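Visitor: Sequence plus predicted model, see below.
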Amino acid sequence: MEYLLNNALEAYNRHSGWIVWNLFLAFIPLAISFWLFRWSTKSRSFLWWIGFIVYIAFLPNAPYLLTDIIHLIQAIRAGYSAWLITLVFIPLHLSAILLGLEAYVISLLNQGYYLRRQRAGRFVIWSELITHALCAVGVYLGRFRRFNSWDLVTQLDTVLVNVIDDLTTKRPLFVIAILFVVITISYFVMKQITLGLILRIRYVFLNRKKSN
């Protein structure tokens, strides 16, 4: 039993040790979105714009978790036992991906709520598509260029040069386009599930309130 636990811990550190950190990065824009779009006043102060820039910089970390499926594939190919793959790796990685997607969905729902509050509801879909496109670029820079969100401050010139280079080169542009499609479809599906759950919870709450 001790050997199995040690083996599971070693496998986790090798193929899944990133999960907690990546989820932390994914939940940063989620937390900021509540402050920016739900709790703040209608006026946009200098501090609000700073928060918005941080929000945009960190938001790609949420859909970035979609690309971490490669770690699950590597773990499966590494030859670990079937029970370890089935009971540890698959649930762990899928949970991380779903949590990252949910953080992304709620962040954009908050963003849409803010636009409607500003009487700009007609721009919600466009803002979502633009956000998907920006996140596709961000995910590409993170996965293939190995940049981090804070590199926008510490290496802004290098990031900009790489972005311009990638957006004018066929292969990176093709990968970014695929990421955009994957993020858009994943967001749409997860959004419908989330809205359905919200409506269900409200329905149950209202029924309980009426019964009381």
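Guide: Ah, there it is.

Visitor: Spatially central residue for this structure, please.
Guide: Most central residue of the chain, judged by C-alpha distance to the mean C-alpha position with CA atoms, centre = their mean, is A62 at 1.4 Å.

Visitor: quick one: the helix or strand where A75 lies to chain centroid distance?
Guide: Following DSSP states H and E, one finds A75 within helix 69-77. Taking CA atoms, centre = their mean, to the nearest Å, the mean C-alpha location of helix 69-77 is offset from the chain mean by 19 Å.

Visitor: And the next helix or strand past it?
Guide: Elements were assigned by DSSP H and E; along the chain past helix 69-77, the next helix or strand is helix 82-84.

Visitor: Report the buried residues of that next one.
Guide: Applying a neighbour-count criterion of 16 or more other CB atoms under 10 Å, the buried positions in helix 82-84 are L84. (C-beta placed from N, C-alpha, C; glycine too.)

Visitor: and what of stretch 19-30?
Guide: Of the residues in stretch 19-30, those scored as buried under the neighbour-count criterion (16+ other CB under 10 Å) are I19, N22, L23, L25, A26, F27, I28, P29, L30.

Visitor: which residues touch that stretch?
Guide: When contacts are defined by CB atoms under 8 Å, 6 or more residues apart in numbering, stretch 19-30 is touched by residues 54-55, 58-59, 61-62, 64-65, 68, 92-93, 96, 99-100, 103-104, 106-107, 149.
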